[in-house]
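Visitor: Structural data only, the sequence is not supplied:
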């Protein structure tokens, strides 16, 4: 059996970080610090948190393998990419899919983007 | 070349179980036994089937790595989590993303939730 | 650290192909050659491109592990499967999830299906 390392657990629900086979899986991230703000601000906040989580897992954004992006409004596609493209280092582009989806809407929060990441360690 | 083991094949379409590199991938599961019932009942049915499939793959729910959940109505988020949280053992929480999506609606079936799993073996 | 090989990069945004741990991840593929055509034609075009991409990665459709399919209209489920089922070799069926989602709609393009692939090498 191969080992699984988990970090940032929300008890009985999810781990922000799960590591297996030199691969780290991050839970889908939404913006808690820029909630209800623009797609650009929510994306910047999410990517900052992903930087922190990857560091905690022993990885970083140069080691992204595959990323799934959900937008509540596909009209935000260009706004998302504007921030994304300035974050991704040339030569380190991951496989990616970006589709539309309703997201969990918690009280007083409006999330317009969620990002789930698989990266190498 | 690394070996792939497949189980529960629906000929020419999908395998319920695909195993590679000590990792098992399950096809997205919907509830066939509680179709058209509440989100809680559909979720319980799906998680029972996932328990069976993981066992068949040589894994179990303590080895979940990453799970994707699709709800037809994000208003079912709390109902889904109620059943999910009682199923996940403390310390074994996987990375997770839960978003809204229309699901395949077969004749006489109303699916309100689908769950796809990646687990370690 | 494990190596990542990337191919078909769109600078600063995504790689069509990312390889890690004997596993290849393809970016979500939409139909550029059959845009605005039927679900069958868009699916055929996408699966042709996936054949080419897998070959470039040193894999092929007999080594599919897990596939995610997004349809803009779940009413296209049967039309998609018609083409999909004739493409998948018996005994090589991957794990699969197929859900509905709005897709990026670029000027003069109407995409009705997107397919993301994980395969073994």
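Guide: It's in. All values derive from a computational prediction rather than experimental measurement. Numbers count the residues shown, from 1 in each chain, chains lettered A, B, ... in the order given.
Visitor: Next, please give the residue ranges for the helices of chain A.
Guide: In chain A, the helices defined using DSSP state H lie at A:39-57, A:77-87.
Visitor: list the helices and strands the first one packs on?
Guide: In this structure, helix A:39-57 packs against strand A:5-10, strand A:14-20, strand A:23-29, helix A:77-87, strand A:113-120, with contacts taken as 3 or more C-beta pairs under 8 Å, 6 or more residues apart in numbering or on different chains; DSSP states H and E. The C-beta positions use only the backbone N, C-alpha and C, and glycine is treated the same way.
Visitor: Tell me which of the helices of chain A approaches residue B:34 most closely.
Guide: In terms of C-beta to C-beta, the element of the helices of chain A nearest to residue B:34 is helix A:39-57, at 34.8 Å.
Visitor: Quick one: mean pLDDT over the closest one.
Guide: Helix A:39-57 shows a mean pLDDT of 98.
Visitor: buried stuff in it?
Guide: By neighbour count on 16 or more other C-beta atoms under 10 Å in any protein chain shown, the buried set for helix A:39-57 is A:39, A:41-47, A:49-50, A:53-54, A:57.
Visitor: sorry, back to before: put together CSV for the helices and strands packed on helix A:39-57, with distance to residue C:72, mean pLDDT and mean neighbour count on each row.
Guide: Listed next are these as CSV, based on distance: least, C-beta to C-beta, whole Å; pLDDT from 0 to 100; neighbours: other C-beta atoms under 10 Å in any protein chain shown:
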stretch, distance to residue C:72, mean pLDDT, mean neighbour count
strand A:5-10, 33, 98, 15
strand A:14-20, 29, 98, 24
strand A:23-29, 21, 98, 26
helix A:77-87, 14, 98, 16
strand A:113-120, 19, 98, 25
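Visitor: Mind checking the ones you listed for the one nearest to chain B?
Guide: Closest to chain B of the helices and strands packed on helix A:39-57 is strand A:23-29 (C-beta to the nearest C-beta; 3.1 Å).
Visitor: Report the distance from the closest one to the chain centre.
Guide: Using C-alpha atoms, centre = their mean, to the nearest Å, the distance from the centre of strand A:23-29 to the centre of the chain it belongs to is 7 Å.
Visitor: Show residues contacting it.
Guide: For strand A:23-29, the external contacting residues (C-beta atoms under 8 Å, 6 or more residues apart in numbering or on different chains) are A:14-19, A:46, A:49-50, A:53-54, A:57-59, A:65, A:68, A:70, A:114-121, B:65-66, B:94-99, B:118, C:20-21.
Visitor: if we go to 6 Å?
Guide: Contact with strand A:23-29 is made by A:14, A:16, A:18, A:46, A:49, A:53, A:57, A:59, A:114-119, A:121, B:65-66, B:95-97, as judged by C-beta atoms under 6 Å, 6 or more residues apart in numbering or on different chains.
Visitor: Equivalent analysis for stretch A:112-121, please.
Guide: In this structure, residues lying in contact with stretch A:112-121 by C-beta under 6 Å, 6+ apart are A:22, A:24-26, A:28-30, A:39, A:42-43, A:46, A:50, A:54, A:58-59, A:63-72, A:76, A:103, B:97, C:2, C:4, C:20.
Visitor: what's near enough to touch the residue lying closest to residue A:44 once chain neighbours are set aside?
Guide: Nearest non-adjacent residue to residue A:44, counting by C-beta to C-beta, 6 or more residues apart in numbering or on different chains: residue A:83, 5.5 Å away. Residue A:83 is in contact with A:40, A:43-44, counting by C-beta under 6 Å, 6+ apart.
Visitor: No more questions from me, cheers.
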